[in-house]
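> Following is a predicted model, sequence given first.
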Amino acid sequence: MAVADHVLAIDQGTTSTRAIIFDRAGRPVAVGQRELRQFYPADGWVEHDPEDIWRDTVVCCRTALESSGLDAGRIAAIGITNQRETAILWDRATGEALHNAIVWQDRRTAAACRELKAAGAEPLVRERTGLLVDPYFSGTKLAWLLDQVPGARARAERGELCFGTVDSFLLYRLTGGAVHATDATNASRTLLFNLHTQDWDDELLRLLRIPRALLPDVKDCAADFGVAEASLLGRPVPVLGIAGDQQAATVGQACFDIGMTKSTYGTGCFALLNIGPEPKLSRNRLLTTVAYRFGGVPTYAIEGSIFVAGAAVQWLRDGLRIIPDAPSSERYATDIKDAGGVYLVPAFTGLGAPYWDPDARGGLFGLTRDTGIAHLVRAALESVAYQTRDLTEAMAADAGHPPAALRVDGGMVGNDWLMQFLADMLGVAVERPAVTETTALGAAYLAGLQAGLFGGLSDLSAAWALERRFEPRLDGRERQRLYAGWLQAVARVRSTGA
Ligand code: ADP
């Protein structure tokens, strides 16, 4: 009988789905990956087809297993991590989705959010959920689905439908419809989950007119979620870990002590600061969220979310077509000595933390006759660092001191120039780990902990390995001068009345 000494992590991201098999030392041994189709049905709307998500997940899992050469019996458990807040509504009996998934970036509920705010709902939402009233979160997306899909509300009241974020949808499909559950980190992004009781909140459900019968059971991040049917890998495998992508990255980066901070640079950028067992609210318009929950005990994080980071580079490549691929952005940036006063504010889908301005749109400033492609590319990369500075300034104001260092991961951190500029702009060291697939690694850790493959959190901390540390080098005055220019540019794209 084979020893089950590996974990399969499913990382269902915004632009791609990955399945990675990790061994018990936390080393990736095989990968399956597929790009995910994007739908933009209207300005500010973003959708995914849940069937694409499901099919891609199955294909990636099988590809990873095949290329690992392992027997399915060697897989002890599955961990799931996912793009968060993306809302799916499906039929409890057939598993069929009633509508495309409404993706976290989608702004269609901006007007509904404005109404909620005008009605004075934000203080209640904030106190209960640690979030703000913004289209980013799932709650108003779900309300939109119930209102817009014919018959959905009546069917939801009768208990015929399930709502879930992507983790929950995948779990339902993997278990052949046997389980409708999620974990506390994903639940904490819905606008419906009370941080203090760690349960769905009846008052918030009334406020958004969401029937409780729709909602999944909420479990710890390491828990017995159910068993993936043999049709996936050839034999049944238990699902033992779930966390939203940013929380999984926090676990993968071993940010287990109060004050430790990680920042992930993919499509968007998400920085999480561990604040321990108390759900303290930010005074600077950052979010309070469940970082992870073990044995019923949550650990919280203050989070700053930026909607456009790598997406700005995608725009250079696919929209403007001025660079052939994302990595070449580094060459353009190093070709010139500075951005020549050019600032790009990539508020393509509004501004996230700490501005929360869904109606803002992007802007490009400081153009002259000398402005060329390199300046544009450099300004796009710099915007990622400036936006991170906005977050760390707010975090420092909340925590009373700046982070000691920033652990980074995600697709963009292979860009050495950007990592150095980030350290320069923040004035703190930027630490890049040996394994940058930290999101998948975090999901593997969660499932592996539950399966008994990994010891405790201290083992995971000990396993974290530095690949390269970028120390700040830029003169303090220059740092302030560049950042002041950014703040001015941001002020110019803000929507009136924000
Ligand atoms: P996600 O998980 O959100 O789909 P990834 O973590 O895979 O994203 O990161 C992909 C993003 O990183 C893309 O937006 C891409 O444009 C950007 N990216 C990848 N490599 C680089 C690079 N060397 N320099 C700048 N941006 C990059």
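Yes, it's here.

> Please list all residues in contact with the closest residue to the ligand within the stretch 151-300 of the chain.
Per Cβ to the nearest ligand atom, G266 is where the stretch 151-300 of the chain lies closest to the ligand, at 2.7 Å. Any C-beta I mention is one placed from the backbone N, CA and C, and that applies to glycine too. By Cβ atoms under 8 Å, 6 or more residues apart in numbering, the contact set of G266 is G13, T14, T15, A309, G310, G410, G411, M412.

> Point out the residues in the chain that sit beside the ligand.
13-16, 266-267, 310-311, 313-314, 326-327, 329-330, 410-412, 414-415 (Cβ under 6 Å from any ligand atom).

> So which of those residues are in helices?
G310, A311, V313, Q314, S329, E330 (DSSP state H).

> And the strands in the stretch 151-300 of the chain, which stretches?
161-164, 181-183, 193-194, 199-200, 217-219, 222-228, 237-244, 261-265, 269-276, 287-294, 297-306 (DSSP state E, counting those that start in this stretch).

> Just send those strands back as TSV, with mean pLDDT too.
Output for the strands of the stretch 151-300 of the chain, formatted as TSV (pLDDT from 0 to 100):
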stretch	mean pLDDT
strand 161-164	97
strand 181-183	98
strand 193-194	97
strand 199-200	98
strand 217-219	98
strand 222-228	97
strand 237-244	98
strand 261-265	95
strand 269-276	94
strand 287-294	96
strand 297-306	94
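
> In JSON lines: those strands, plus mean neighbour count and distance to L351.
Listed next are the strands of the stretch 151-300 of the chain as JSON lines, based on neighbours: other Cβ atoms under 10 Å; distance: least, Cβ to Cβ, whole Å:
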{"stretch": "strand 161-164", "mean neighbour count": "25", "distance to L351": "28"}
{"stretch": "strand 181-183", "mean neighbour count": "28", "distance to L351": "28"}
{"stretch": "strand 193-194", "mean neighbour count": "24", "distance to L351": "25"}
{"stretch": "strand 199-200", "mean neighbour count": "16", "distance to L351": "29"}
{"stretch": "strand 217-219", "mean neighbour count": "19", "distance to L351": "30"}
{"stretch": "strand 222-228", "mean neighbour count": "22", "distance to L351": "35"}
{"stretch": "strand 237-244", "mean neighbour count": "28", "distance to L351": "21"}
{"stretch": "strand 261-265", "mean neighbour count": "28", "distance to L351": "17"}
{"stretch": "strand 269-276", "mean neighbour count": "24", "distance to L351": "13"}
{"stretch": "strand 287-294", "mean neighbour count": "25", "distance to L351": "14"}
{"stretch": "strand 297-306", "mean neighbour count": "24", "distance to L351": "8"}
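
> thinking again about what came up before, neighbour-wise, which one of the contacts of G266 leads?
A309 (28 neighbours; other Cβ atoms under 10 Å).

> so who does the residue lying closest to that residue once chain neighbours are set aside touch?
Leaving aside its sequence neighbours, A309 sits nearest to C269 (Cβ to Cβ, 6 or more residues apart in numbering; 3.8 Å). C269 sits next to S263, S305, I306, A309, V384, Q387, T388, G410 when contact means Cβ under 8 Å, 6+ apart.

> circling back: not counting sequence-adjacent ones, nearest residue to the residue of the stretch 151-300 of the chain closest to the ligand?
G410 (4.3 Å).

> contacting residues around that neighbour?
Per Cβ under 8 Å, 6+ apart, neighbours of G410: A249, T264, Y265, G266, C269, A309, G310, T436, T439.

> SS state for the last one?
Following DSSP: H, G, I helix; E, B strand; the rest coil, we place T439 in the helix state.

> about what we covered before: and the gap between the residue of the stretch 151-300 of the chain closest to the ligand and Q83?
Distance of G266 to Q83, given as Cβ to Cβ, to the nearest Å: 9 Å.

> Repeat that for L215.
Counting by Cβ to Cβ, the gap from L215 to Q83 is 19 Å.

> Check G244 too.
G244 is 8 Å from Q83, by Cβ to Cβ.

> T334 too?
32 Å.

> Quick one: residues contacting the nearest residue to H196 once chain neighbours are set aside.
Computed as Cβ to Cβ, 6+ apart, the closest residue to H196 that is not its neighbour in sequence is P279, at 6.8 Å. Contact analysis of P279 by Cβ under 8 Å, 6+ apart lists G130, L195, H196, T288, P298, Y300.

> now G177
R92, A93, G95.

> 7 Å instead?
G95 (Cβ atoms under 7 Å, 6 or more residues apart in numbering).
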